[in-house]
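[1] Below are the sequence and a predicted model; questions follow.
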Amino acid sequence: MHVRFFLFLLFYFSVESNKLFAQELEAVSLEIAPSFTRSAEYIGEIENPFAIAYGAGIHTWLKITNHFSLKTGIQYRVKAIELSMPDLTNLVDPSGNINYDNIGSIDSRSEYNYLGINFTGRYVFSKSPSPKAPFYLSLGLECSNLFWSKYKIEFAEGTQHYSDQPEGVSINTSLSFSAGILFKLSERIKLFVEPGYAYDFYAKDFYYEHDYIRFQSIQLTCGLSFLLKQKTKPS
């Protein structure tokens with residue numbers, strides 16, 4: 001509960017502080033973000049392909065100039081890892097105490113559910129103040145907390161499923177870069193399509209006091225932006 005309250009306060013104050021700098025436009029956007037994720041860590045000979053994952057969020061966009069705007073909001077994101085261990089049928093400990101004769105290969109999928117906030121700057125490349133479909137670049141920072149995870153392990157004898165809830169705060173922080181296009185559907189509604197890449201540069205489990213799993217993600221963010229109100233410039 002205290003983590004959710006902290007995230008709410010951080011989101012509220014970030015939005016209110018950004019309003020001080022907004023000159024013309026205030027909008028809200030709803031978005032979904034299917035993605036491919038994998039572990040950013042080196043895990044030796046174990047196969048570590050990209051896994052299908054997803055996310056969704058609600059954000060406030062604040063227009064600073066005709067070219068530059070800021071986004072902040074709440075983001076829910078699932079990051080997944082799929083691992084395939086090699087065939088262990090003939091793997092026997094030299095001491096003879098451990099025998100893997102009947103295990104075979106092992107495949108697993110782990111899903112980690114995060115809730116957090118992000119801050120993104122977007123630069124639009126357009127000479128027109130109201131372009132129909134401008135191209136833009138975005139650079140963002142996201143900080144989230146792990147609140148639930150689930151696992152699926154498949155091996156020769158069957159499949160196991162289990163889930164886990166963290167004992168305390170487990171923070172994940174990522175940096176993202178993306179490029180996209182804004183499609184103007186009406187005077188108040190815009191559609192945006194934004195492929196991008198994100199890399200977790202910091203992950204920490206504060207309960208057990210050790211580093212946690214870091215991810216890298218290829219994601220496609222799609223959503224709608226709704227104009228809330230038009231601010232008039234002072235004369």
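    Happy to help now that I have it. Numbering: from 1, shown residues only.

[2] which residues in the protein form strands?
    Counting by DSSP state E, the chain has strands at residues 25-32, 35-39, 51-63, 68-85, 106-125, 135-155, 158-164, 170-184, 189-205, 210-211, 215-230.

[3] Adjacent strands (with direction) for the fifth one?
    To tie it back to what came earlier, the one meant is strand 106-125. Paired neighbours of strand 106-125 in the sheet (DSSP bridges): strand 68-85 (antiparallel), strand 135-155 (antiparallel).

[4] Considering the strands of the chain, which stretch scores lowest in mean pLDDT?
    Of all the strands of the chain, mean pLDDT reaches its minimum on strand 210-211 (a mean of 62).

[5] Now do Val169 against Gly116, distance only.
    12 Å (Cβ to Cβ, to the nearest Å). All C-beta atoms are positioned from the backbone trio N, CA, C, and that covers glycine.

[6] Comparing these two, which residue is more hemmed in?
    The neighbour count for Val169 versus Gly116, taken as other Cβ atoms under 10 Å, is higher for Gly116 (23 against 15).

[7] Please name the nearest non-neighbouring residue to the more buried one.
    Excluding its sequence neighbours, the residue lying closest to Gly116 (Cβ to Cβ, 6 or more residues apart in numbering) is Ser144, at 2.5 Å.

[8] Help me confirm that that neighbour comes into contact with Arg77.
    Yes - at 6.6 Å, Ser144 and Arg77 qualify as touching, with contact defined as Cβ atoms under 8 Å.

[9] intersection of neighbour lists for those two?
    Counting by Cβ atoms under 8 Å, 6 or more residues apart in numbering, the residues touching both Ser144 and Arg77 are 114-116.

[10] Would you convert those residues into TSV that also reports distance to Ile52?
    TSV is the format used below for the shared contacts of Ser144 and Arg77 (distance: Cβ to Cβ, whole Å):
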residue	distance to Ile52
Tyr114	16
Leu115	20
Gly116	21
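
[11] out of those residues, who's nearest Phe36?
    Nearest to Phe36 out of the shared contacts of Ser144 and Arg77 is Tyr114 (Cβ to Cβ; 16.2 Å).

[12] ok, the closest one to Gln216 distance?
    15 Å.

[13] Between those two, tell me which one has more neighbours.
    The neighbour comparison of Tyr114 against Gln216 (other Cβ under 10 Å) goes to Tyr114, with 23 against 17.

[14] Can you name the residues bridging to the closest residue in space to the more buried one that isn't next to it in sequence?
    Using Cβ to Cβ, 6+ apart and skipping the chain neighbours, the partner closest in space to Tyr114 is Ser144 (3.9 Å). On the basis of DSSP bridges, Ser144 is bridged to Gly116, Asn172.
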